[in-house]
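Below is the structure, and that's it, no one-letter string:
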């Protein structure tokens, strides 16, 4: 396996085994950890799939001390990013949703966003190939393995990607702290839409704001005007879920 | 100053200076970092308040290498936890809101929750004195200083705290993945309410579920049923904001 990636923790390893989307080279588990239900499940799944499972001394985990590895790691193939054109062609999109991340730099935020998107049934996440954190081990860990349950689409140009989506009749909603409309003023029913979330500090870039059909904000209830990007997305994305279940805005 | 706490990063130090709620002993800044707008603002605020401001070599930051300190730390007095009885007596509560955390163990989650609560105008956060992470340096950093903008109420017994709130006519809403009602089915208008969020794995404890007026869930749109607690809270708390602004459910 070329350049295998290391994933950490019980949930991430379990999810990688269940999803079956990634080639798993080897699972290493510390001799010192307590064997619990989750570890037994991992052993069982690995045996089923004929994946090597080794008990090792804790010194093997030394290089990963900064990660919350819970005494278990796996060497797996890097995630396969998806392609936007293929994503659009692969199925008839009706009431689909996408999230675009424009310059999110923090691995924990990307992981939390992926996890939230999967729970909310978002159909894919688009990230640019530059100026944005890529899927790494910390992202995988923070996502609790959600990274295996949603296409992560990497594009060279977000401007081109948004234009492609517009050409395919997707509605484009960008978030901006100075927007006039609130996120819940938009009717998310009966359309394919993409929500654009900006960088932690700079927000959504001007070129993308210009392309957007709606620009919305979350109404802050306090002078302390600094919501974390993953928490902001969660508020917005579950409002779209609410609207679609309740059939109202 | 007895047992000063160390806070890290430009935002946390700025917030501590602005809020003025914590005694600041000393601010240390690395000689090697680039002086930007935020650093200049910190110098200005420190000068106004007569707080010692020292440029030091980067070796002084060695003990804090695991933190994202951005080359700036401050020694400050530990946060003062608030008292529930005083909180309830201090003002007439109308349309107030509280969040109870029942066993949240992760510092990043607590920090993100505090930040979200401040942005959503929540009036206070209640944590138990045991079996829950306390406010530490990581929490302060992740909260981006929000910890200075909201009372954090520490109680010995959550069961007693909930009973006190009920005796004071607060409505109690607990979250549970197996609940029948969705979080947006509750009408949050015209009442004081408290939302109970559970531990990352175990959820809200049974005794608290029993005391609750409503038990609600977030409807998952995928088999992958594992939303991060801070993202879950964000979806719920901004729905209460939406309802109160829109005057509907």
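Sure, I can see it. This structure is a prediction, so every number in the text was calculated from the model and none was measured.

where does chain A come near chain B, residue by residue?
Contact residues (Cβ under 8 Å from any Cβ of the partner chain) of chain A with chain B: A:11, A:15, A:66, A:108, A:112, A:115-116, A:118-121, A:144-146, A:149, A:182, A:184, A:218-222, A:224-228, A:230-232, A:234-235, A:237-239, A:241-242, A:245-246. Using the backbone N, CA and C atoms, a C-beta is placed for each residue, glycine as well.

What about these, which are in helices?
Judged by DSSP state H, the residues of chain A next to chain B include A:11, A:15, A:108, A:112, A:115-116, A:118-119, A:230-232, A:234-235, A:237-239, A:241-242, A:245-246 as members of helices.

Can I get the buried part of the residues of chain A next to chain B as one PyMOL selection?
A single PyMOL command is used to select the members of the residues of chain A next to chain B judged buried by 16 or more other Cβ atoms under 10 Å in any protein chain shown:
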select buried, chain A and resi 11+15+108+112+115+116+118+119+120+121+144+145+146+149+182+184+218+219+220+221+224+226+227+228+230+231+232+234+235+237+238+239+241+242
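
wait, residue A:140 sits on residue A:7?
Yes. Using Cβ atoms under 8 Å, residue A:140 is in contact with residue A:7, at 4.9 Å.

List the contacts of the nearest residue to residue A:244 once chain neighbours are set aside.
Nearest residue to residue A:244 in three dimensions, chain neighbours excluded: residue A:189, at 6.0 Å (Cβ to Cβ, 6 or more residues apart in numbering or on different chains). Residues in contact with residue A:189, defined by Cβ atoms under 8 Å, 6 or more residues apart in numbering or on different chains, are A:95, A:243-244, A:247, A:249.

again, but for residue A:240
With Cβ under 8 Å, 6+ apart, residue A:240 has these contacts: A:97, A:120, A:188, A:193, A:195.

Need the pLDDT of it.
For residue A:240, the pLDDT comes out at 98.

Look up how far residue B:221 lies from it.
Residue A:240 sits 10 Å away from residue B:221, taking Cβ to Cβ, to the nearest Å as the criterion.

so what sits against both of these two?
By Cβ under 8 Å, 6+ apart, the residues touching both residue A:240 and residue B:221 are residue A:120.

residues of stretch A:128-145 that come out buried?
In stretch A:128-145, counting by 16+ other Cβ under 10 Å, buried: A:128, A:132-145.

How is chain A partitioned into domains?
Domain ranges of chain A: A:5-76, A:84-246, per automatic domain parsing.

Just give the closest residue to the most centrally placed residue in chain A, not the sequence neighbours.
In chain A, the centroid-proximal residue (Cα atoms, centre = their mean) is residue A:114; its distance is 1.9 Å. Spatial nearest neighbour of residue A:114, excluding adjacent residues (Cβ to Cβ, 6+ apart): residue A:143 at 4.2 Å.

Just confirm residue A:92 is within a helix.
No. Assigned with DSSP: H, G, I helix; E, B strand; the rest coil, residue A:92 falls outside any helix and is coil.

Got the confidence number for it?
So residue A:92 comes in at 89 (pLDDT).

Please tell me how far it sits from chain B.
Distance from residue A:92 to chain B, counting by Cβ to the nearest Cβ, to the nearest Å: 19 Å.

Helix, strand, or coil at residue A:195?
strand.

Please read off the pLDDT at it from the model.
98.

same question, residue A:75
Reported pLDDT for residue A:75: 91.

Near it, how many other residues are there?
16 (other Cβ atoms under 10 Å in any protein chain shown).

contacting residues around it?
A:1, A:4-6, A:24-26, A:28.

for those residues, which one is nearest residue A:214?
residue A:5 (36.9 Å; Cβ to Cβ).

one step back: and the residue nearest to residue A:244, how far from chain B?
On the measure of Cβ to the nearest Cβ, residue A:189 and chain B end up 15 Å apart.

which SSE is that residue in?
Using DSSP states H and E, residue A:189 falls within no helix or strand.

May I have the phi/psi pair for it?
phi -80, psi 150 (degrees, to the nearest 10).

now, which of the buried residues of stretch A:128-145 lie within strands?
Mapping the buried residues of stretch A:128-145 onto strands (DSSP state E) picks out residue A:128.

and the residue of chain A positioned farthest from its centre, what does it touch?
In chain A, residue A:57 marks the outermost C-alpha relative to the chain mean, sitting 32.6 Å out by Cα atoms, centre = their mean. Applying Cβ under 8 Å, 6+ apart, we find residue A:57 in contact with A:30-32.

Same check on residue A:141?
A:7-9, A:12, A:67-68, A:111 are the contacts of residue A:141 under Cβ under 8 Å, 6+ apart.

Next, work out how far apart the residue nearest to it when sequence neighbours are not counted and residue B:91 are.
Setting aside the residues directly before and after it, residue A:141 is nearest to residue A:8 in space (Cβ to Cβ, 6+ apart), at 4.9 Å. Distance, residue A:8 to residue B:91, using Cβ to Cβ: 46 Å.

One more: residue A:81?
52 Å.

cool, and residue A:15?
From residue A:15 to residue B:91 the distance is 46 Å (Cβ to Cβ).

Could you do residue A:222 as well?
From residue A:222 to residue B:91 the distance is 16 Å (Cβ to Cβ).

ok so, going back, which of the contacts of residue A:189 count as buried?
A:243-244.

could the contacts of residue A:189 go into JSON lines alongside pLDDT and distance to residue B:177?
Listed next are the contacts of residue A:189 as JSON lines, based on pLDDT from 0 to 100; distance: Cβ to Cβ, whole Å:
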{"residue": "A:95", "pLDDT": "94", "distance to residue B:177": "25"}
{"residue": "A:243", "pLDDT": "97", "distance to residue B:177": "22"}
{"residue": "A:244", "pLDDT": "95", "distance to residue B:177": "20"}
{"residue": "A:247", "pLDDT": "86", "distance to residue B:177": "24"}
{"residue": "A:249", "pLDDT": "77", "distance to residue B:177": "26"}
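
from the contacts of residue A:189, which single one is nearest residue B:202?
residue A:244 (30.5 Å).

Based on its surroundings, how many neighbours for residue A:223?
What residue A:223 shows, counting by other Cβ under 10 Å, is a neighbour count of 8.
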